[in-house]
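Participant: the sequence and its predicted three-dimensional model are supplied below.
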Amino acid sequence: DEERSCQLKAARRLKVDYDFELCCRPDESTWECALRVQDASGDLVLELLRRGNAETEEAAIREALAGLAAHLLGEAATVQRPISEATTVPDEGVARVVFDCSPSDTELLIDDGSLGPCAALEGAVELSLGEHRLLMRHPGYAAQQQTLRINSPTERRFSVQLARHGLDSTWISVRSGQFQAGSPRTEDGRSDDEVLTTTNIEQPFEIAATELSQREWRLLMGTDISHFSTCGDDCPVDSINWFDALALANAYSELEGFQHCYDLSTCHGTAGIDFACAEAPKAVPGCEGYRLPTGVEWEYAARAGTQSAFYNGRIADGDDDECETDRGLAAIGWYCKNASIEGEGGFDLSKDEGSSRAGTQPRAQLSPNAWGLFDTAGNVAEWTEEGELRGGSFLSYARHCRSAARQTVTAEQRAASQGVRLVRALEHL
């Protein structure tokens, strides 16, 4: 039957000898193949109709032979192709999917299991027929989730195109290590709770190079809540309490397709305005998403290998009675002496002979530490996972901006001097 382009072939040895008739014909943009299989005694064993994405008759024949082997053996088998060498063919109930990703190192998760970066996949991925949950994520991009439906065992291609989410944080990778947390008894301005302790950082993490901006808060949370809103989009978000900071971390995780780090099921209200929790939220063990740094993580990253009061040297004066000039601190942080602002909203510090009116400043204007972090001293005090504030603020005297300094306030308290910097655990570095 020339119209159907039928061909009579003999299969090579599988487990027994079979003869089969293979008839292939064009079907719109692809090919349709019908197989009729007889055993050595001439009895009909199988009739099979296959449609594939082959573009040529030769390719259609190859696909049909692969399907035949899978049906006869019920497992992957080696068959002799019409014009090529033997090849391993997949189970009839499995499809091969090739992923094309942008960015190329987009992480693929199928049914909650990670396949790793797209670029690291070697060829096609074998998936069973049916529906699969597909999550595509990459730091700096909005994650995508969808259902992947596979109805036939034919090979297919799937394109992944992620879009940048518009948040502008730069992330610094921090290796695990050991350091001295706290301060020596000889450090000027220290408090009794800064006991010098050898501390191990067991797991590497990434930390934002800057405090979270007002623009980032608005994109994530949909509100403008900063006292110093006239400072601009690139100024740190302020006036957030500890509960607000946890909600923010969860929102960042959700945007990029990571697991939430905090159970906020007892919380209600609008973050930054009236958000409150009936019980202290619990952190999710082993969370892969964004969260607040622990106190030791914050200090480890802020010090960047130093042991002095500030990452650029010693403190000039630890006096807590007035705002004293500290040239070292002024080079790295906005504090009571140099955080002057114009216009309404500033805090009057004239009694301390510092800035006449003080407020937050645009981020990353002063010198970073050796690891690339800006403003860990001054500007806004930063929440940690324990509910403490670290780093001091534009209101602070120099002693409160030291790397070892900490301030304890209630979780509900909101103040114009309070902001946040996020971290995320890394599996390895």
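Facilitator: Sure, I can see it.

Participant: quick check, Val97 in a strand?
Facilitator: Yes - applying DSSP: H, G, I helix; E, B strand; the rest coil, one finds Val97 inside a strand.

Participant: all helices for the stretch 51-200 of the chain, in order.
Facilitator: For the stretch 51-200 of the chain, the helices defined by DSSP state H, counting those that start in this stretch cover 57-73.

Participant: where does Cys336 fall, helix, sheet strand or coil?
Facilitator: The three-state assignment at Cys336 reads coil, by three-state DSSP.

Participant: what distance do you get for it to Tyr141?
Facilitator: 40 Å (Cβ to Cβ, to the nearest Å). Using the backbone N, CA and C atoms, a C-beta is placed for each residue, glycine as well.

Participant: neighbour count for the two, which is higher?
Facilitator: Cys336 (28 against 20; other Cβ atoms under 10 Å).

Participant: I figured that one was touching His400, is that so?
Facilitator: No - counting by Cβ atoms under 8 Å, Cys336 does not reach His400; the two are 9.2 Å apart.

Participant: tell me how many other residues surround the spatially closest residue to Leu115 that is not a sequence neighbour.
Facilitator: Residue nearest to Leu115 in three dimensions, not counting chain neighbours: Leu108, with 4.4 Å by Cβ to Cβ, 6 or more residues apart in numbering. Leu108 is flanked by 21 other residues according to other Cβ under 10 Å.

Participant: what are the bridge partners for Leu108, then?
Facilitator: Leu108 has these beta-bridge partners by DSSP bridges: Gly116, Met136.

Participant: which residues of the stretch 201-350 of the chain score low on pLDDT?
Facilitator: 320, 343-344, 349-350 (pLDDT under 70).

Participant: would you map the strands across it?
Facilitator: Along the stretch 201-350 of the chain, counting by DSSP state E, counting those that start in this stretch, strands occupy 205-208, 262-263, 267-268, 276-277, 282-283, 290-291, 347-348.

Participant: OK, contacts around the closest residue to Leu220 other than its chain neighbours?
Facilitator: Distances taken as Cβ to Cβ, 6+ apart put Ala251 closest to Leu220, at 4.5 Å, once the chain neighbours are dropped. Contacts for Ala251 (Cβ atoms under 8 Å, 6 or more residues apart in numbering) come out as 220-221, 271.

Participant: what does Ser104 give?
Facilitator: The neighbours of Ser104, taking Cβ under 8 Å, 6+ apart as the test, are 117-119.

Participant: apply 7 Å and report the result again.
Facilitator: Neighbouring residues of Ser104 by Cβ atoms under 7 Å, 6 or more residues apart in numbering: 118-119.

Participant: show the pLDDT at it.
Facilitator: Listed pLDDT for Ser104 reads 93.

Participant: if I look at the residue nearest to Leu115, how far off is Met136?
Facilitator: Taking Cβ to Cβ, one finds Leu108 at 6 Å from Met136.

Participant: now Thr306
Facilitator: For Thr306, the distance to Met136 - Cβ to Cβ - is 40 Å.

Participant: tell me which of the two has more neighbours.
Facilitator: Set Thr306 next to Met136 and count neighbours by other Cβ under 10 Å: Met136 wins out with 23 against 15.

Participant: so that one touches Ala143, yeah?
Facilitator: Yes - if you go by Cβ atoms under 7 Å, Met136 and Ala143 touch, sitting 6.5 Å apart.

Participant: okay, the strands of the stretch 201-350 of the chain, which one's buried deepest?
Facilitator: strand 290-291 (a mean of 26; mean count of other Cβ atoms under 10 Å).
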